[in-house]
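A.B. asks: Task: produce atomic coordinates for the following.
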Amino acid sequence: MSKRTVLLAFGGESSEHEVSIASARNVYAALDDDKYDIRLCYIDKSGKWWLLDDWTETPQAHGGTQLLIAPGTGSLITMPGSQVLHPDVILPILHGKNGEDGTIQGLAALAHVPIVGCGIGASALCMHKHQTKQLLKSAGIPVVDWLMVTPATIEKAQVELHTLGDGPWFVKPSRAGSSVGVSKVESPDGLRAALELALQHDDVALVERAITGRELEVAVLGNPPSHQASGVGEIIPGADFYDYDDKCKRLGFWPGLAQMHPHAEPQPPLGEVQNRLMLAQALEAVRALEQGVLTDIREGDVGAILGWGFAPWSGGPFAWLDITGPAQAVAICDALAEKHGDRFAAPALLREMAAQGETFYGRFAQAKAA
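C.D. replies: Purely as a prediction, here's the structure:
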């Protein structure tokens, strides 16, 4: 059976460029090489499309070949070289502007290339928070009270802020995600600065009344009537809201956390606590590989990211063991096993790899780095 060609598009022009790269890294690792011919399309911050030969952690320094859309042909063309690429589908791992707002969906439609995800209209509407809230409200679905603000109506918003009740309030761009440009405002004095920040990322901003409640999410996959809904997941962030810096790193805990939850005394060494938590998961992953429960270490890493809490940009247990080094991991295991018992004993496979100076991705995934 011939493989289907998947054009994995990532990067993009939005302020969530780095978030997209972090997401694409893990999607690329999870795609099955036996089923798909995966072609990498990096979109730089100026909007140019580039065809990469392989995954790189620094796609900005790619040295790849530029890709051009050929409308109506179901294909893209390289420049220079004029080689034709006929993807079966575009898989957009893009965040924000020109990724989730219907633009790339429209471009794919003009090119006659199928694209994964929502269509043009749904993408454009749902990316625009103000319009989405208007639609939901008109359908009788409760939404959080809000004000819509443009650069010309900042003064008006300051006057009308009281209509949203006492603070705090959240200020955000209407068309952005990953908490980029979002601020929590505790008093009216902070509103202007928060609006100015949000309006750097879109020409429309929202001011919403903060509410205390549970944040639940449901994903829907497929098209009616064959669509399916996922189970209900609950978001429990470690701060007031999801917050990332410009390199897709989670920012620190919210002010007052130490006062609300003071450290117990005495405290165990932080490094030992970290090693115990990480190795408990990593050693179980190695045992699963030994026993044939896992046949692809990439599945173990992606499964850990989704189910165990490894952050997407830090990899899973096998990537963590490679970064630590099997020899160092064995040394940590021996120290913990002596102190806390055999549950931390290094599996035979890990000892073997430490003795031979091997890494998991070097030994088990030579065909493709995750």
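
A.B. asks: burial count for residue 203?
C.D. replies: 11 (other CB atoms under 10 Å). To be clear about C-beta, it is placed using only N, CA and C from the backbone, and glycine gets the same treatment.

A.B. asks: Check residue 155 too.
C.D. replies: For residue 155, the count of nearby residues is 10 (other CB under 10 Å).

A.B. asks: Quick one: list the elements packing against the helix or strand hosting it.
C.D. replies: Element membership of residue 155 [criterion: DSSP states H and E] is helix 154-160. Helix 154-160 sits against strand 146-149, helix 191-198, with contacts defined as 3 or more CB pairs under 8 Å, 6 or more residues apart in numbering; DSSP states H and E.

A.B. asks: How about the secondary structure of residue 99?
C.D. replies: coil (DSSP: H, G, I helix; E, B strand; the rest coil).

A.B. asks: Now do the same contact list for it.
C.D. replies: Contact analysis of residue 99 by CB atoms under 8 Å, 6 or more residues apart in numbering lists 12, 14, 16, 20, 92.

A.B. asks: Swap in 10 Å and give it another go.
C.D. replies: Contacts of residue 99 were listed using CB atoms under 10 Å, 6 or more residues apart in numbering, and they are 9-14, 16-17, 20, 43, 92-93, 105, 117, 123, 127, 177.

A.B. asks: Which secondary structure element of this protein has the lowest mean pLDDT?
C.D. replies: helix 257-260 (a mean of 51; mean pLDDT, DSSP states H and E).

A.B. asks: from the middle of its chain, how far away would the longest helix along the chain be?
C.D. replies: Criterion DSSP state H: the longest helix present in the chain is helix 270-290. Chain-centre distance of helix 270-290: 24 Å, with CA atoms, centre = their mean, to the nearest Å.

A.B. asks: could you give the mean pLDDT of that helix?
C.D. replies: Model confidence over helix 270-290, given as mean pLDDT, is 81.

A.B. asks: ditto for stretch 45-59
C.D. replies: In the prediction, stretch 45-59 has an average pLDDT of 88.

A.B. asks: now it: how far from the chain's centre is it?
C.D. replies: Using CA atoms, centre = their mean, the offset of stretch 45-59 from its chain centre is 17 Å.

A.B. asks: now swap in stretch 224-233 and tell me
C.D. replies: 21 Å.

A.B. asks: Which positions in it come out as buried?
C.D. replies: By 16 or more other CB atoms under 10 Å, stretch 224-233 has no buried positions at all.

A.B. asks: Adjust the sequence numbering to begin at 15 for everything that follows.
C.D. replies: In the new numbering, first residue 15, that becomes stretch 238-247.

A.B. asks: Tell me the span between the first and last residue of it.
C.D. replies: The first residue of stretch 238-247 is 22 Å away from its last residue (CA to CA, to the nearest Å).

A.B. asks: neighbouring contacts of it?
C.D. replies: So stretch 238-247 is contacted by 229, 230, 231, 232, 233, 234, 235, 236 (CB under 10 Å, 6+ apart).

A.B. asks: Specify the beta-bridge partners of the residue nearest to the last one when sequence neighbours are not counted.
C.D. replies: Put plainly, it is residue 236. Distance criterion CB to CB, 6 or more residues apart in numbering; nearest residue to residue 236, sequence neighbours excluded, is residue 242 at 5.7 Å. Assessed by DSSP bridges, residue 242 has beta-bridge partners residue 235.

A.B. asks: From residue 233, how far out is residue 242?
C.D. replies: According to CB to CB, to the nearest Å, residue 242 and residue 233 sit 9 Å apart.

A.B. asks: again, but for residue 219
C.D. replies: From residue 219 across to residue 233, the span is 27 Å (CB to CB).

A.B. asks: more crowded one of the two?
C.D. replies: Taking other CB under 10 Å, residue 219 and residue 233 do not tie; residue 219 has more neighbours (32 against 10).

A.B. asks: quick one, what contacts the closest residue to the more buried one other than its chain neighbours?
C.D. replies: Once flanking residues are discounted, residue 219 sits nearest to residue 212: 3.9 Å by CB to CB, 6+ apart. By CB under 10 Å, 6+ apart, the contact set of residue 212 is 163, 184-188, 190, 194-197, 218-221.

A.B. asks: neighbour-wise, which of the residues you listed leads?
C.D. replies: Ranked by neighbours (other CB under 10 Å), the contacts of residue 212 are led by residue 219, which has 32 neighbours.

A.B. asks: per-domain residue ranges of this structure.
C.D. replies: For the chain, automatic domain parsing gives the domain ranges 18-139, 142-223, 284-378.

A.B. asks: now the shortest one: mean pLDDT?
C.D. replies: pLDDT averaged over domain 142-223 equals 91, rounded to a whole number.

A.B. asks: Start and end of that domain, how far apart?
C.D. replies: With CA to CA as the measure, the ends of domain 142-223 fall 18 Å from one another.

A.B. asks: rewinding a little: can you add distance to residue 247 and give the domains of the chain back as CSV?
C.D. replies: Output for the domains of the chain, formatted as CSV (distance: least, CB to CB, whole Å):
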stretch, distance to residue 247
domain 18-139, 17
domain 142-223, 17
domain 284-378, 11
